[in-house]
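S.K.: Curious how this folds, go ahead:
(one chain, ligands or ions: 2)
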Amino acid sequence: MPGPYPPVNPKCPHFLHGGDYNPDQWPTEVWAEDMRLMKLSGCNAMSVGIFSWAQLEPQEGRYTFDWLDRIMDMLAENDAWAVLATPSAAQPAWMSARYPEILRTDYNRIHHGHGGRVNYCLTSPVWREKIATIATALAERYKDHPALLMWHVHNEYSGECYCDQCAAAFRDWLGRKYPTLDALNQAYWAAFWSHTYTDWSQVGPPGSPYGEGFHGGLWIDWKRFTTEQTIACFRTEADVLRRLSPGVPVTTNLMGTYPPLDYWKFARELDVISWDSYPRFHERPGESMHGTGFTHDLNRCLGGGKPFLLMESSPSSQNWMPVMRLKRPGMHRVMSLQAVAHGSDSVQYFQWRKGRGGHEKFHGAVVDHEGSENSRVFQDVAEVGQILAQLDPVIGSAVKAEVAIVYDWENGWAIEHSAGPRKDKEYIATLHEHYRTFWEAGVPVDVVGEEGDFSGYKLLIAPMLYMVRPGVAERIEAFVEAGGTFVATYLSGIADENDLVFTGGWPGPLRRLMGIRAEELDVLYDDERNLVVPARDNALGLTGPFEARVFCDLIHAESAEVLASYGEDFYAGRPALTVNRFGQGRAYYVASRNDEAFLDAFYAALMREQAIRPVLSAKLPRGVSVQARSDGQRDYVFMLNFTRQTRHVPLSEPGLENLLTGQAIGRSLDLEPYGSAILTRPAR
Ligand code: GLA
Ligand code: ZN
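M.R.: Ligands and ions are numbered 1, 2, ... in the order given. Below is the predicted model of the structure:
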């Protein structure tokens, strides 16, 4: 049995391949054909029932499970598995009509009518009872069904509800958090614009088009509360499922870096992390895929390093995009393998069969309206199915990273909602910029939150660590003291957990560690640039000059050594890059948002210094990504060409074999446009 992690359910030690399947939208005659096509496409796992509430409970308390019974049986008869969903992402019309209080109230304080999806109140006791009841009915009926592989709770939790029930629950939540109203007023800096509350009844959700859009701490508490309410909805169902079908894993499909919900908290509730990936591959072909790599890594790390599941992806195009661009030949394979390379034990789709009506009738699907196996897309899917069928040894294998990048949801809330220093701060885009260097070098990266465990890494990078919560600076200091290398940037150490700015000099609690003081932040217009000029004979061997844009922090070196300085404007000659020795380690401060050439040279130097090795000794051409998983005995090395050109990769490592053909690999490899190769070698 490979490892080190078990398969998501020991019943199925194979890659999951399949996706959202809605037989209840189709006449029964189509079902046998679905089964035939599933076999042909190498699909073995179908997510059923996601939006089926009206078909499962057409009247309150009257269940119609016959169709689902039949589908579950057919899946079992065809050696396929059910990723069985609870239908709570969309309620039936009768329910909205009878219990209007379950409908959502939006930011504009408008109480919704029935329709759409994820259109319910996060607090309503009636709603909680309804979702528990349908989950109970499903679990009681299918808990012992041979096709049941795992539970898929709801679908893509999202949004907030601003109704009176939610407002009251928020008030209670705040009452538990703050011992006195005065403490709350202080946390929110409420004297500003006369926002001081004098009675708890005045406190409520922030914002509305007629009130105030953002009030620091209140907004952040509201996001924390919304995350907790969402988790409470999830738990309402998960508790039932776990009680009635112990051992069957429970998940819900997450949405990558989805800013509104703190997934570091949500992830703890899931037995396996799963997510829906819809990259904008067509916008800059071959160049945006590192962002997707980052999000795959994030999902692996949300599960503590365990393999995750790619729960949805489009086999072709996405109808909600402004332009429904097709995946070019080879793209589907390379993008599917990318998920696997970063730690996914599945390739799942939205959707199996294109519906004839409804909002998603043009969304990519395995089976097109034409209905046969003869389409290009179907053949592409079948090819992925054939590859996955040969990847059993990869199941449960792990990624070992020596580099970690901090992505923190609360930090993102505080940055993006702060008025100034610039409208668009591009937190996630900045993380991608730092990540790209490692992605291109073939160096694996983990993603951690502020509360993550930093101790196992050589290099910890925390771009724009604006919010530093209590204890975080101390843990980063301990990491560096013990020999770690830490990188911080402009806009760090600015505010505490309530978005109250630190006094006494930035970067606040990181100041001692960084050995600098940040005095002012210059913010540039999009077309403006400054220069970063490395000091002669600097310890990192940087040459440059490099280009700085958007943010230029004007800092003073205290105990830190200056490695580079600005080249222009009134702050020419002042430090732009510093290093501070701290205990056994070093802390680097990158004062400006710099170009790719800087990030490449800077991180190459740190990797040399820390002996951080890529997963393959090879000089990778641009657009080729190499990632590896390992079970401790063997390594599985994925080479992925995200460009439209053939890429030649010279190799200098002995012992590599093609996993699919068993053939030994020579001194080089040619990857066709969007081509890929899966290699194996004895574990390093
Ligand atoms: C999401 C949803 C699916 C479907 C797809 C379309 O990921 O979970 O139900 O709407 O988007 O891309
Ligand atoms: Zn509500």
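
S.K.: From ligand 2, how far out is the nearest residue to residue 600 once chain neighbours are set aside?
M.R.: Nearest non-adjacent residue to residue 600, counting by CB to CB, 6 or more residues apart in numbering: residue 437, 5.3 Å away. Glycine gets a C-beta too; all of them are placed from N, C-alpha and C. Separation of residue 437 from ligand 2 (CB to the ion, to the nearest Å): 44 Å.

S.K.: you'd agree residue 437 is up against residue 603?
M.R.: Yes - counting by CB atoms under 8 Å, residue 437 does reach residue 603; the two are 4.5 Å apart.

S.K.: returning to what we had before: buried residues, whatever helix or strand the residue nearest to residue 600 lives in. List them.
M.R.: Taking DSSP states H and E as the criterion, residue 437 maps to helix 427-441. Neighbour-count burial for helix 427-441 flags 427-428, 430-441 (criterion: 16 or more other CB atoms under 10 Å).

S.K.: send the alpha carbons of that helix over as PDB?
M.R.: Below are the C-alpha coordinates for helix 427-441, written out as PDB (Å, rounded to 0.1, in the frame of the first residue of the first chain):
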ATOM      1  CA  TYR A 427      -2.900  40.900  -2.000                       C
ATOM      2  CA  ILE A 428      -3.500  37.600  -3.800                       C
ATOM      3  CA  ALA A 429      -1.800  38.700  -7.000                       C
ATOM      4  CA  THR A 430       1.200  39.600  -4.900                       C
ATOM      5  CA  LEU A 431       1.300  36.100  -3.300                       C
ATOM      6  CA  HIS A 432       1.200  34.700  -6.900                       C
ATOM      7  CA  GLU A 433       4.200  37.000  -7.800                       C
ATOM      8  CA  HIS A 434       6.300  35.600  -5.000                       C
ATOM      9  CA  TYR A 435       5.100  32.000  -5.700                       C
ATOM     10  CA  ARG A 436       5.900  32.200  -9.400                       C
ATOM     11  CA  THR A 437       9.700  32.100  -8.900                       C
ATOM     12  CA  PHE A 438       9.500  28.800  -7.000                       C
ATOM     13  CA  TRP A 439       7.000  27.400  -9.400                       C
ATOM     14  CA  GLU A 440       9.300  28.100 -12.300                       C
ATOM     15  CA  ALA A 441      12.300  26.700 -10.500                       C
END
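
S.K.: Now find how far off-centre the helix or strand just after it is within its chain.
M.R.: Downstream of helix 427-441, the first helix or strand assigned by DSSP H and E is strand 445-448. Computed by CA atoms, centre = their mean, to the nearest Å, the chain-centroid distance of strand 445-448 equals 11 Å.

S.K.: for stretch 420-429, same thing?
M.R.: So, by CA atoms, centre = their mean, the centroid of stretch 420-429 is 19 Å from its chain's centroid.

S.K.: avg pLDDT for it?
M.R.: For stretch 420-429, mean pLDDT rounds to 94.

S.K.: Quick one: residues in contact with it.
M.R.: Applying CB atoms under 8 Å, 6 or more residues apart in numbering, the contact partners of stretch 420-429 are 257, 259, 407, 411-412, 415-416, 418, 463-464, 491, 521, 523, 550-551.

S.K.: Give me the subset of the residues you listed lying in strands.
M.R.: 521, 523, 550-551 (DSSP state E).

S.K.: What is the nearest of these to ligand 1?
M.R.: residue 550 (31.5 Å; CB to the nearest ligand atom).

S.K.: With adjacent residues omitted, what lies nearest to whichever residue of the stretch 301-450 of the chain sits closest to ligand 1?
M.R.: Nearest residue of the stretch 301-450 of the chain to ligand 1 (CB to the nearest ligand atom) works out as residue 350 at 4.3 Å. Nearest residue to residue 350, sequence neighbours excluded (CB to CB, 6+ apart): residue 312, at 4.2 Å.

S.K.: What distance do you get for that neighbour to residue 270?
M.R.: Using CB to CB, to the nearest Å, residue 312 is found at 16 Å from residue 270.

S.K.: now residue 490
M.R.: Distance, residue 490 to residue 270, using CB to CB: 35 Å.

S.K.: Could I get the phi/psi values of the closest residue to ligand 1 within the stretch 51-200 of the chain?
M.R.: Among the residues of the stretch 51-200 of the chain, residue 156 lies closest to ligand 1, at 4.5 Å counting by CB to the nearest ligand atom. When read as degrees, to the nearest 10, the backbone of residue 156 gives phi 50, psi 70.

S.K.: No further queries at this time; thank you.
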